[in-house]
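**Q** From the sequence below, what's the structure:
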Amino acid sequence: MPRSAPLRRATFEEFLALEASSPERHELVEGLVFALAGGTDIHNRLVARLLLKLLPKAEEKGCEAFAEGVLLKVGEAAYYPDLFVTCEETLNGAPFKETACLVVEVLSPGTEAIDRGEKLLRYRELPGLQAYALVAQEARRVEIYRRLPDGGWRYEVVEKGQAELPCIGAVLDLEELYRGLPLRKVT
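**A** Sure thing, here's the model as predicted:
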């Protein structure tokens, strides 16, 4: 599904001022401000489980993990990833970060095309990004784009067992991640 119509044009500084005073969240892409859609209870549960798993590993490595409420500035765009880890920027009260070694998006019907297209291309521009993971809501599946030593990317799909996430050495157990969630039957 494509993005809804932009709400307005804004510089990055104008966008930050808008975010500071708005009860809704927005993203900035090429100088255009877009409203964010709300999530579901399943989406929220997956993000919470991911944060509970990744935050302790991030802290062990001297890194920080953020879920949904901190902007990630990528070139001329600013997004609210479902979850990201940075090892280069400390807590300082800032509303945005500019580095990430791991970005995770939980797929939903309204944002899946953007997560797989626009955001995949944008996040790969981050020099320190080691992996971009897409977590399905309706089926037990984690897709991971990994940066290779030569700068290329490898795509992998994990549907059972464990998914290893670089940067902080985290391992996601898919059975644990999806426990109790209503999943569609894969035929």
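**Q** so residue 85 sits right up against residue 167, yeah?
**A** Yes - with contacts counted by C-beta atoms under 8 Å, residue 85 reaches residue 167, the gap being 5.6 Å. The C-beta positions use only the backbone N, C-alpha and C, and glycine is treated the same way.
**Q** The two: which has the busier surroundings?
**A** Under the neighbour definition other C-beta atoms under 10 Å, residue 85 and residue 167 were set side by side, and residue 85 has more, 27 against 23.
**Q** That one in helix, strand or coil?
**A** strand (DSSP: H, G, I helix; E, B strand; the rest coil).
**Q** what's near enough to touch it?
**A** Contacts here follow C-beta atoms under 8 Å, 6 or more residues apart in numbering; on that basis residue 85 touches 54, 58, 63-66, 100-102, 167-168.
**Q** Please flag which of those sit within strands.
**A** Those of the contacts of residue 85 mapping onto strands are 64-66, 102, per DSSP state E.
**Q** Need the buried ones from those residues selected in ChimeraX.
**A** The buried subset of the ones in strands among the contacts of residue 85, as determined by 16 or more other C-beta atoms under 10 Å, is captured in ChimeraX by this line:
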select :64,65,66,102
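**Q** of the ones in strands among the contacts of residue 85, closest to residue 46?
**A** residue 65 (14.6 Å; C-beta to C-beta).
**Q** Tally up the residues packed near the nearest residue in space to that closest one that is not next to it in sequence, please.
**A** Distances taken as C-beta to C-beta, 6 or more residues apart in numbering place residue 58 nearest to residue 65, at 4.1 Å, with adjacent residues excluded. Other residues within reach of residue 58, judged by other C-beta under 10 Å, total 24.
**Q** Check the one 3 residues further on too.
**A** Residue crowding around residue 61 was assessed by other C-beta under 10 Å; the count is 15.
**Q** which helix in this protein runs the most residues?
**A** When the chain is parsed with DSSP state H, its longest helix is helix 41-60.
**Q** Just the buried residues of that one, please?
**A** If you call a residue buried by 16+ other C-beta under 10 Å, then helix 41-60 has these buried ones: 42-43, 45-47, 49-51, 53-55, 57-58.
**Q** same deal with stretch 89-105?
**A** The neighbour-count check on stretch 89-105 (16+ other C-beta under 10 Å) flags 89, 96-105 as buried.
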